[in-house]
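Chemist: I would like the atomic coordinates for the input below:
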Amino acid sequence: MTSITDRTELPVQLITHPGDEDGGSVPAGTPLRDLTVFDSPGMPADPTLMERLRAGTAGADLAAPPVVLPDFCHKDKSEMPSSIAVATRGAIRPTLTDAALNCGMALATLDVDKPDEAAISTFYRRIQERFPDPPTWSFELSRAEVLRAAVEGADFAAERFGIDRADLDRVEEMGRLPVEELGGARAARKELPWVCTQLARLRFGSIGPSTHFLELQQVDEVFEPEIAERLGLRQGQITLQLHNGGGVLTGQIGEMYARRKAASRMLRAEMAVAKPMAHLRGLTGLQQARRRYSRYFEVGCPSIPIEGDEGRRVMLAQRLSMNYGFAYRLATYAALKEFARAAFGASLRLVVDSPHNSIYEEQIAGAPAFVHRHNAARAWTAEMMAGHPAFAETGQPLLVPGTNRTSSFLCVPAARADRSLHSACHGTGSIIKAFEQDGRSGRDPLGRHTMRYRYDGKAPRLIPQLDDHGVDEALGILVRNGLVRPVVRLRPFAVLT
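Modeler: Sure thing, here's the model as predicted:
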């Protein structure tokens, strides 16, 4: 592990606000333009994107300087750069994370040796048949079940798909955020337009094609044996890593409570009906109508205060979206358990499931704040997880993936994770790409390959792997700044994208 940990610690680059020389949190209401930047001389953060983040947080009541993590890049569909964490007081700003909440990743173990190519092909074929692209137009849930998924989250998935309750212990927040205090199921039925719940019935669970993937891996290296054992991992273990979204309803809610860049033409057409139904009916006056129009219909996505009735509506929508995403990914996991048994004769056991597009209410500098993570995973230490049935002694495990041509890592939070608002980057793809393009990374010295399956119906291709210089650079930034500790290195051998 010398390539990652045995280097001189790199200081975090803190761009400070005058009067805040130590880079810490400042009193609520103080205007901040600082950024806490975790990068390295070999992979410095893009100054143009940092200016975009400053502009996107202007006017917000920040609880701490916004955080820039490794893999800082920008995707055209998003208002803000990826790999950021921003904490605000008393308000939510939707553009600080993805339009569709609860896109996330999961890792599970298989209790068999590495399967042969025929078994792998059978496994991926069954997945493509179950989750075709484009999807079918047959209903998978009733409207009542869509609402239950949004209200009950993982609890609905456990009942509906027969998922072991022990697996739910491995899901962030146990897969359910409380909505009862915000009106519960009755309010959900009122706030979610009929057209949204009807369209959400069409697909429940997915893989790709997109940046989402389903990767078969093997544990290539163990760095912390005791933690690995607690999490159910060992040298040579076969694992399955899943990256998928939160489902149709999460994208609908995201567009319903803001005007977002990511909306498709079909979603815009749907919102032309759904948004007026959700926001403009039953109003008490012109002033309220104007306020809602400026918040939800106009370009710009201002901060939305969470106080009062309007705040409760927004909070309810965010939690319904998160809950639905947890249930959606668990529905996919339930299908994978069935296919792993059929193709490999294997049992699948969940190690961790966590979102990387989220809004949570957390404590920052001793006071409540809303932490927006955009393509960034939550990294809560063991002290913060006291009493948790699965992670009390390890903290919240988190994935730091590479690509299907490099290793990925499972990590746990380190002692100084608070420096990044308890956040870590959800991937390292842009760094790996940069290293390959400028020659700092090349072919895997051991000559390994990944069998890549696609949704195009063609035979799988054998793709040559790269060395790990890019992913090690990204992980090294996190490790040297005390944000995470790597537990195992995972090497891919097959993937569906």
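
Chemist: Go ahead and flag the most central residue of the chain.
Modeler: His356 (1.8 Å; CA atoms, centre = their mean).

Chemist: just the helices in the stretch 201-350 of the chain please.
Modeler: Listed in chain order, the helices of the stretch 201-350 of the chain (DSSP state H, counting those that start in this stretch) span 225-230, 248-256, 265-279, 286-296, 308-344.

Chemist: next one: the stretch 51-200 of the chain
Modeler: 117-130, 143-152, 154-161, 165-168, 184-191, 194-200.

Chemist: can I get those helices in TSV with mean pLDDT?
Modeler: What follows is the helices of the stretch 51-200 of the chain, written out as TSV (pLDDT from 0 to 100):
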stretch	mean pLDDT
helix 117-130	96
helix 143-152	98
helix 154-161	98
helix 165-168	96
helix 184-191	96
helix 194-200	95
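
Chemist: Check which element follows the helix or strand of the chain with the lowest mean pLDDT along the chain.
Modeler: Sorting the helices and strands of the chain by mean pLDDT, DSSP states H and E puts strand 13-15 at the bottom, at a mean of 48. Of the helices and strands lying after strand 13-15 in sequence (DSSP states H and E), the nearest is strand 35-37.

Chemist: closest to His74 out of the helices of the stretch 201-350 of the chain?
Modeler: His74 lies closest, by CB to CB, to one member of the helices of the stretch 201-350 of the chain: helix 248-256, at 18.1 Å. Any C-beta I mention is one placed from the backbone N, CA and C, and that applies to glycine too.

Chemist: Go ahead and name everything in contact with the closest one.
Modeler: With CB atoms under 8 Å, 6 or more residues apart in numbering as the test, helix 248-256 has contacts from 94, 98-102, 146, 149-150, 192-193, 196-197, 199-200, 202-203, 245, 260, 262-263, 267-268, 270-271, 274-275, 278-279, 296, 317-318, 320-321, 324-325, 328.

Chemist: again, only using 7 Å
Modeler: Helix 248-256 is contacted from outside by 99-102, 146, 150, 196, 199-200, 202-203, 260, 263, 267, 271, 274-275, 278, 317, 320-321, 324-325, using CB atoms under 7 Å, 6 or more residues apart in numbering.

Chemist: Just the buried residues of those residues.
Modeler: For the contacts of helix 248-256, a burial check counting by 16 or more other CB atoms under 10 Å picks out 99-102, 146, 150, 196, 199-200, 203, 260, 263, 267, 271, 274-275, 278, 317, 320-321, 324-325.

Chemist: Could I get the average pLDDT for stretch 483-496?
Modeler: Regarding stretch 483-496, the rounded mean pLDDT is 98.

Chemist: Distance from that stretch to the middle of the chain?
Modeler: Distance of stretch 483-496 from the chain centroid (CA atoms, centre = their mean, to the nearest Å) equals 16 Å.

Chemist: Now do the buried residues in that stretch.
Modeler: Neighbour-count burial for stretch 483-496 [16+ other CB under 10 Å]: 483-496.

Chemist: Which ones among the residues you listed map onto helices?
Modeler: Using DSSP state H, no member of the buried residues of stretch 483-496 falls in helices.

Chemist: ok, of these, which one's closest to Thr136?
Modeler: Leu496 (18.5 Å).

Chemist: who does the closest one bridge with?
Modeler: Leu214, Tyr453 (DSSP bridges).

Chemist: thinking again about what came up before, quick one: the buried residues of stretch 483-496 as CSV, columns for distance to Glu226 too.
Modeler: Formatted as CSV, those follow (distance: CB to CB, whole Å):
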residue, distance to Glu226
Leu483, 20
Val484, 17
Arg485, 12
Pro486, 14
Val487, 10
Val488, 12
Arg489, 17
Leu490, 18
Arg491, 22
Pro492, 25
Phe493, 27
Ala494, 30
Val495, 30
Leu496, 33
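
Chemist: before we move on, the earlier item: what residues are up against the residue nearest to the centre of the chain?
Modeler: Cys103, Gly104, Met105, Arg373, Asn375, Ala376, Ala377, His426.

Chemist: tally of neighbours for the second one?
Modeler: I take that to be Gly104. Gly104 has 27 neighbours, counted by other CB atoms under 10 Å.

Chemist: go on, the first one?
Modeler: If you count neighbours by other CB under 10 Å, Cys103 ends up with 25.

Chemist: Give me the nearest residue to Met271, chain neighbours excluded.
Modeler: Spatial nearest neighbour of Met271, excluding adjacent residues (CB to CB, 6 or more residues apart in numbering): Glu255 at 5.3 Å.

Chemist: To clarify, my last question referred to Phe297.
Modeler: With sequence-adjacent residues excluded and distances taken as CB to CB, 6+ apart, Phe297 is closest to Arg259, at 6.1 Å.

Chemist: Hmm, Arg295 and the one you found touching each other?
Modeler: No. Using CB atoms under 7 Å, Arg259 is not in contact with Arg295, being 9.3 Å away.

Chemist: wait, is Gly387 part of a strand?
Modeler: No. Gly387 is assigned coil when assessed by DSSP: H, G, I helix; E, B strand; the rest coil, not a strand.
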